[in-house]
Structures are given as structure tokens and as C-alpha cells.
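Asker: No letters, just coordinates:
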């Protein structure tokens, strides 16, 4: 009888969420973990290669055409610009590529992520239900809810504006859903495995991973895009505005 | 970019090398470098890029004006620059990748200050980086 009670207590315990104090501590500043660059990196901890991006035919054709045009313009020395060139923030999920460091803040019921580039902010509400698709006003960061799945922070995001360029400029519709799994692969290395689903533009979900290195003494700098001298001419080519003196 | 490699590691400990995806750098000529020695008319410590406005004396007693793009203050800070490293009126020598279209502008590769100190620009060699 004792054994049964113990077993049943154990099995009950296994289904309980981990107490908050055992959650991984993600607080602080993080920079891209880049194998072969900067400080020594362990290839085993680097982000795995992105899966294949499989777009539905009309989107795939437009995507290929744009990429070819970008390559050709680049070789000509007249690069095409995009929203980033115009100082428009990246939004989700491109902001998570962290071209400059980012900061994670864990507070009760919420995880907040702030990037240095463009000072972008996303708020992940823990243990709250996700809104219905189509009920979130489209924006750059959408509506994110999350929960701890063991030692992994699982996050679900919807409500991303169609104009926001996806990772590697992936096109998306207003039905895009981004799920993320944040997990420490080493005490100082964090992975964010991102899966993008879009029934309109994607043949199948696209998964890629961002890897970050903890940078304990780094203080994020401000970034206000106030003096953009790059502009796009009538052909969409990036030009530099010069001062006549 | 040997200079860049020598200068960078101190400030970059624990941080990935700086990259910037605000715009492509293909408008600059990375096959050629020009050296400009002149007087700073303005140093703009701003995002998305810092700029050095420079008057360079020409052979006829006049001056040509150049606009030199640098990395962002964020990248520059991480490799050792300070917002007050250059002031209006300072003499400076800049190693620059010129604009391909021949206009008087370019991308900074290295600055040599009047006291002999040098600082590289933080953008990756050839303006290329992994996405």
C-alpha cells in the first residue's frame, strides 16, 4: 500500500510544473553565438543550419525573382534597399537574429526581450491564453504568450503585420504563427528554435535556430535611427546622401 | 584588414564580431582605398551610422569636401571609439573605400588621429558578413 502511495505521489509530482526557482535564468545580455568568429566557439553549440524554406508557387517565384534582382544589383554596385535601409525596425522574427546584442528580462508572469538595434521590445506573457488569429491588431511584434515546458521556454506569437519582412525576407500573410523554444544548450549558450507556420505562403512550416552567448558585463547601448543618409532612388537602389558642406 | 584584427579583440571579448544589416555596402569600392588627410568640419555620432565630414585641401589652394560613413556608434563603441574622439577643427587621416559612383564620399576603414592613435571602422572586411 505504501509503495502504491509513493508511486502515485511520484507520478503526480512528475506532472507538476517545475517550481519557479528551478527555472533556467535567462536574465541579462546576450550576443550572437557565432562559430569561428570572435572568441572561440564550440561548433556543437552553434545554431544548426536552417531547414529548407518551401514557399507556395506564386510566393516562391516572386521570392526567387527578388533574390536574383538583389544579386545582380549587388554585383553592379547599386544595391537594392529594403525597410531596414529606411530605418524601419525589423520586427518578429528578424529582430531575434540580434545583429547587435539583446537583453532578456524575467519578471513574474512575463519575459521581456529588448534588442539593441532599433531598441525593439517584445513582451511574452506567461501562462496566459493566446488570442484568436485575426483578433490581434497586426504589428511588428504581435501578441506573444509563453509557458515553461520543463527547462524550455515555449513561446507562441501571432499578429505580425504583412509588411514586416520575415527572416531572410520570407513573405508571410496575416495568418502567420511563430513558435519558439528557448533552451540553454550550455550554461552560457542559449538557443531560440523558431518555427514559422503560414498556411498562405508556406508549403510546410519553416524551422531555424538563433544561438546566443551570454555577455554578463555588457550594457546595451541606445539606438535611435535619427540620421539616415541612405535613401532609395526611383529604381529602389540604395544611395548615400552627401553633404555639400 | 590586419589592423582591424589587431585592434578588435580587446573590446570584443565575449561578444560576436559586429555586423550590420542596415544596408548593403556594395556602393563602396573595396578594391580601392584612398587616403584623405584633412580637417574635420563635423563628427556626427548618430545612428544608423556615424559620419565624418572632412575638408581636404586641394592643389589649387581650395578644399574638397568629403562625407565619410562609419559603422554605427554601437559597433564603434565596441571596438574602442568614443563619441568625442573627433571634434570640429581636428586634423585626421582617413583610409577610405571610396564610393563607386565617383562622388566625394566613402566608407571608413581606418582613422589616424593627430596624436598618432589609430582606430579601425568596425564593419567587416569588404563590408560582407554572414546573415
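Answerer: Arrived safely. All values reported here derive from a predicted model rather than from experimental measurement.
Asker: what residue ranges in chain B score low on pLDDT?
Answerer: Judged by pLDDT under 70, chain B has its weakly predicted residues at B:1-22, B:123-131.
Asker: hey, where'd the helices end up in it?
Answerer: Counting by DSSP state H, chain B has helices at residues B:2-12, B:73-78.
Asker: Quick one: residues contacting residue 87.
Answerer: No chain in the question, so chain A it is. The contact partners of residue A:87, by CB atoms under 8 Å, 6 or more residues apart in numbering or on different chains, come to A:118, A:225, A:228, B:22, B:48. All C-beta spots, glycine's among them, are computed from the backbone N, C-alpha and C.
Asker: Oops, wrong one, chain B.
Answerer: Residue B:87 neighbours (CB under 8 Å, 6+ apart): B:40, B:43.
Asker: Now the terminal residues of stretch A:209-218, how far apart.
Answerer: In stretch A:209-218, first residue to last residue: 23 Å (CA to CA, to the nearest Å).
Asker: Now look at it and say if it contacts chain B.
Answerer: Yes. Under the criterion of CB under 8 Å from any CB of the partner chain, chain B is reached by stretch A:209-218 at A:213, A:215, A:216, A:217, A:218.
Asker: For those, work out which two are farthest apart.
Answerer: Spanning the widest gap among those are A:213 and A:217, at 12.8 Å by CB to CB.
Asker: Spatially nearest residue to residue A:209, not counting backbone neighbours?
Answerer: Leaving aside its chain neighbours, residue A:209 sits nearest to residue A:47 (4.3 Å; criterion: CB to CB, 6 or more residues apart in numbering or on different chains).
Asker: Phi first, then psi, for the one you found.
Answerer: Dihedral pair for residue A:47: phi -60, psi 130, per degrees, to the nearest 10.
Asker: list the contacts for it?
Answerer: When contacts are counted by CB under 8 Å, 6+ apart, residue A:47 touches A:33, A:191, A:208, A:209, A:210, A:211.
Asker: ok, and does stretch B:24-42 reach over to chain A?
Answerer: Yes. Stretch B:24-42 reaches chain A (CB under 8 Å from any CB) through B:24, B:25, B:26, B:27, B:29, B:41, B:42.
Asker: What subset of those residues is buried?
Answerer: Listed as buried from the residues of stretch B:24-42 next to chain A are B:24, B:25, B:26, B:27, B:29, B:41; burial here means 16 or more other CB atoms under 10 Å in any protein chain shown.
Asker: ok, so of these, who is nearest chain A?
Answerer: residue B:24 (3.4 Å; CB to the nearest CB).
Asker: how many neighbours does the residue lying closest to residue B:63 once chain neighbours are set aside have?
Answerer: In space, and not counting its chain neighbours, residue B:63 is closest to residue B:55: 4.4 Å by CB to CB, 6+ apart. Residues contacting residue B:55 under the criterion other CB atoms under 10 Å in any protein chain shown number 16.
Asker: Mind giving me the packing neighbours of the longest strand seen in chain B?
Answerer: Longest strand in chain B, counting residues (DSSP state E): strand B:34-44. Applying 3 or more CB pairs under 8 Å, 6 or more residues apart in numbering or on different chains; DSSP states H and E, one finds that strand B:34-44 contacts strand B:51-57, strand B:63-69, strand B:91-98.
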